[in-house]
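S.K.: here is the input, now give the coordinates:
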Amino acid sequence: MDQIAEFSHLFDYDAWANRRWLDALADKGWPEPDRAVFTHILAASDIWLQRVNGASPAEMPTPEPSAATIATLSREWKVALKHRPGDLMVFYKRTTGEPLHLPLSAIVRHLLNHGTYHRGELRGLCRSRGDDAFPETDYALFEISIGAAE
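M.R.: Got it, this is the predicted structure:
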């Protein structure tokens, strides 16, 4: 599998895991700080996508936590990957205005790990409240769910 195809597949996993948490948090009535953590996952995906597409927002975006937002971000990331030759360097400014740059592959790896990290944080928040009703979002379970193990 080439790198673009691999990253595209990992964005499918990310969307799958985010949809599972979206449903779980909606069922719980969007408690805080869970909503803020989940929104942060989506905001990071949004701001990095904007940076890859040449913008440098001065503020973090505030995407609505919804299935439509998750689907749009996943789709737009796949489009961005297809239209970027090789592992180009992405030049951007942080929200503080500090200029930085990273290879696209590093941004994608960071973003996907970031989502996994914060979904783990959501799990920890649930457990700290004695709430064991949270979704499993393990990568292996995603592969099984799409039939990759057959």
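
S.K.: just the helices in this structure please.
M.R.: Ranges of helices within the chain are 3-27, 34-52, 67-82, 104-128, 139-145, based on DSSP state H.

S.K.: so what angle separates the directions of the fourth one and helix 34-52?
M.R.: The directions of helix 104-128 and helix 34-52 differ by 180 degrees, with axes from the mean of the first three to the mean of the last three Cα atoms, to 10 degrees as the criterion.

S.K.: other SSEs contacting helix 104-128?
M.R.: In terms of contacts (3 or more Cβ pairs under 8 Å, 6 or more residues apart in numbering; DSSP states H and E), helix 104-128 is packed against helix 3-27, helix 34-52, helix 67-82, strand 89-93. C-betas here are computed from N, CA, C, even on glycine.

S.K.: circling back: so which of the helices of the chain is the most packed in?
M.R.: helix 34-52 (a mean of 20; mean count of other Cβ atoms under 10 Å).

S.K.: ok now that one, how far from the chain's centre?
M.R.: When distances are taken as Cα atoms, centre = their mean, to the nearest Å, helix 34-52 is centred 7 Å away from the chain's centroid.

S.K.: can you offset everything so residue one is 15?
M.R.: OK, 15 is where the count begins now, so the last one is helix 48-66.
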